[in-house]
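J.: Provided below for reference: sequence and predicted model.
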Amino acid sequence: MSQRSTEIASLETRNLTPREIVAELDRYIIGQGAAKRAVAIAIRNRWRRQNVREDMREEVAPKNILMVGPTGVGKTEIARRLARLTGAPFIKVEATKYTEVGYYGRDVESMVRELVENAIGLVRDRERKSVEGEAKQRVEERLLDLLIPRPTTDFDREDEDQDASQQYERTRAKMRAMLAAGELDQRKVELTIEQKASPIMVGSLGLEQMDMDLQGMFEKILPRTTSRREMTVTQAREVMFDQECDALLDPEKINAAAIELAENMGIIFVDELDKVVASDSRGADVSRQGVQRDLLPIVEGTTVQTRYGYVRTDHILFVAAGAFHRAKPSELMPELQGRFPIRVELSDLTKDDFVRILTEPQNSLTKQYAVLMETESVQLSFTADAIDALAGYAFKVNQSTQNIGARRLYTIMERVLEELSFDAPDAKQKQVAIDAEYVKQRLEDVTEDEELSKFIL
């Protein structure tokens, strides 16, 4: 394994095995084992590729994944959790935001630019940690210069100047000790702050959509304004620390490392892919087909120009997802289908799944509401039959109206706890136990009336 690939691999904060990735996802997402396994293998393959010999590394292409399943079953949640599990550059985009050039929408290549920006942030954070020690020392010296300015030297009085210099150093040492002890934190100092002017946008163009050279030219031409502000030592220390870190960082090195990281470890999650499948109505078909045509070279492998340099997309991992209610994956362009060789179907959620979703995850809805009520000094708890009733109503409404998966639980919970949430600040009863009867009283009438369920739940 070469030194270069070792550096790239080391940028990942956690080199998890597939089993560990699935275990982490299980803490937040119920079921969908096939999707978790596919994603875990794909993530591990990113690390494996960095460990193969140099001549084979370029030939190993990522196996892109297409997740198919109804809304609210965990497709997007899997992507969100992946972003936290791996230190690799990761972005989530909506396919519907993009469109063919000439139609309203964003340029498809902008997803790669966003990925590079994400990588820049990761590399910058890593580099900042390596210069924090020196930056803190510089900040301390600058603060001392503000608190006790250095005396001016008079060459005609060398003896007196030497005594004054020694006295100044003694005073400075005392001030340094007071500064370290926090005794000067509320002392006021005056600091010069540089502010970069923002360029004026022409029409609806954003800065990222401008030509790259034009963007760089704007940044060089526009003046940087400075202002003097009075602030406490505590506030000044934070501002100075950011300034010193920026001064110690090498932008060229960061940009080169970020591009390398994005090219070899980057992951792009494309949601709502089914929305760019052409439908029977001809109005939007041209634009939708255009999105697929523009996506194709990005996924196949091309070179995209960014403000930091050229980025190759050959080894970026693409994970796409869509409900595919009205369309099928086979209706995508054949070439685009071929670039997503791994197909994973996510299943509908059952009543038992809803019970597990309400109780097992670390961030389950019942735990979230209990924590929210604690801020009002109300101890909220849910009985086992209440959980069963909530899951039953959610499953029933999903079957009788539009199936929106686990998102139905948000609506159900809000409906059940609406009265308690409103009265909590003034409530005299500080111990509230939600049971099946409590749930039934607030949901029975609504769920029985199909018309009401459509609009309320």
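T.: Arrived safely, thanks for sending.
J.: CA atoms of stretch 235-252 as PDB?
T.: Written as PDB, here are the backbone C-alpha positions of stretch 235-252 (Å, rounded to 0.1, in the frame of the first residue of the first chain):
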ATOM      1  CA  GLN A 235     -14.300  37.000  22.700                       C
ATOM      2  CA  ALA A 236     -11.100  38.200  21.300                       C
ATOM      3  CA  ARG A 237      -9.400  34.900  22.000                       C
ATOM      4  CA  GLU A 238     -11.900  33.100  19.800                       C
ATOM      5  CA  VAL A 239     -11.600  35.600  16.900                       C
ATOM      6  CA  MET A 240      -7.800  35.500  17.100                       C
ATOM      7  CA  PHE A 241      -7.700  31.700  17.200                       C
ATOM      8  CA  ASP A 242      -9.700  31.500  14.000                       C
ATOM      9  CA  GLN A 243      -7.400  34.100  12.400                       C
ATOM     10  CA  GLU A 244      -4.200  32.400  13.400                       C
ATOM     11  CA  CYS A 245      -5.500  28.900  12.300                       C
ATOM     12  CA  ASP A 246      -6.400  30.300   8.900                       C
ATOM     13  CA  ALA A 247      -2.900  32.000   8.700                       C
ATOM     14  CA  LEU A 248      -1.100  28.700   9.500                       C
ATOM     15  CA  LEU A 249      -3.100  26.600   7.000                       C
ATOM     16  CA  ASP A 250      -1.900  26.000   3.500                       C
ATOM     17  CA  PRO A 251      -4.900  26.400   1.100                       C
ATOM     18  CA  GLU A 252      -3.100  24.700  -1.800                       C
END
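J.: show me how far that stretch is from its chain's centre.
T.: In terms of C-alpha atoms, centre = their mean, to the nearest Å, the centre of stretch 235-252 is found 24 Å from the chain centre.
J.: can you list contacts of that stretch?
T.: Applying C-beta atoms under 8 Å, 6 or more residues apart in numbering, the external contacts of stretch 235-252 come out as 124, 127-128, 131-132, 134-136, 138-139, 142-143, 146, 189, 191, 193, 231. C-beta: built from backbone N, CA, C; applies to glycine.
J.: what of stretch 318-334?
T.: 39, 42, 62, 64-71, 75-76, 79, 82, 95, 267-275, 277-279, 289, 292-293, 296, 299, 337, 339-340, 343.
J.: mark which of these are part of helices, please.
T.: Applying DSSP state H to those, the entries found in helices are 39, 42, 75-76, 79, 82, 289, 292-293, 296, 299, 337.
J.: possible to save the residues you listed as JSON lines with neighbour count, pLDDT and distance to residue 424?
T.: Converted to JSON lines, the ones in helices among the contacts of stretch 318-334 look like this (neighbours: other C-beta atoms under 10 Å; pLDDT from 0 to 100; distance: C-beta to C-beta, whole Å):
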{"residue": "39", "neighbour count": "28", "pLDDT": "90", "distance to residue 424": "39"}
{"residue": "42", "neighbour count": "21", "pLDDT": "88", "distance to residue 424": "45"}
{"residue": "75", "neighbour count": "26", "pLDDT": "87", "distance to residue 424": "34"}
{"residue": "76", "neighbour count": "16", "pLDDT": "83", "distance to residue 424": "31"}
{"residue": "79", "neighbour count": "21", "pLDDT": "82", "distance to residue 424": "34"}
{"residue": "82", "neighbour count": "23", "pLDDT": "82", "distance to residue 424": "36"}
{"residue": "289", "neighbour count": "15", "pLDDT": "76", "distance to residue 424": "52"}
{"residue": "292", "neighbour count": "21", "pLDDT": "85", "distance to residue 424": "50"}
{"residue": "293", "neighbour count": "14", "pLDDT": "85", "distance to residue 424": "54"}
{"residue": "296", "neighbour count": "16", "pLDDT": "89", "distance to residue 424": "53"}
{"residue": "299", "neighbour count": "21", "pLDDT": "91", "distance to residue 424": "49"}
{"residue": "337", "neighbour count": "15", "pLDDT": "88", "distance to residue 424": "52"}
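J.: any weak-confidence spans in the stretch 101-250 of the chain?
T.: 101-106, 152-161, 195-224 (pLDDT under 70).
J.: any chance you could map the strands in it?
T.: Secondary structure of the stretch 101-250 of the chain (DSSP state E, counting those that start in this stretch): strands at 188-196, 224-232.
J.: helices or strands up against the first one?
T.: Here strand 188-196 touches helix 110-147, strand 224-232, helix 233-248, going by 3 or more C-beta pairs under 8 Å, 6 or more residues apart in numbering; DSSP states H and E.
J.: make TSV from these and add mean neighbour count and distance to residue 324 to it.
T.: Formatted as TSV, the helices and strands packed on strand 188-196 follow (neighbours: other C-beta atoms under 10 Å; distance: least, C-beta to C-beta, whole Å):
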stretch	mean neighbour count	distance to residue 324
helix 110-147	17	21
strand 224-232	11	51
helix 233-248	16	46
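J.: and residue 89, which of those is closest to it?
T.: helix 110-147 (4.0 Å; C-beta to C-beta).
J.: same for the closest one, what does it pack against?
T.: Based on contacts counted as 3+ C-beta pairs under 8 Å, 6+ apart, the elements that helix 110-147 packs against are strand 90-94, helix 158-181, strand 188-196, helix 233-248, helix 251-265, strand 267-271, strand 303-306, strand 309-312.
J.: who's in contact with the third one?
T.: Going back to what we said before, that points to strand 188-196. 143, 146-147, 219, 222, 224-233, 236, 239-240.
J.: rerun at 10 Å
T.: For strand 188-196, the surrounding residues in contact (C-beta atoms under 10 Å, 6 or more residues apart in numbering) are 142-143, 145-147, 219, 222-233, 235-237, 239-240, 243.
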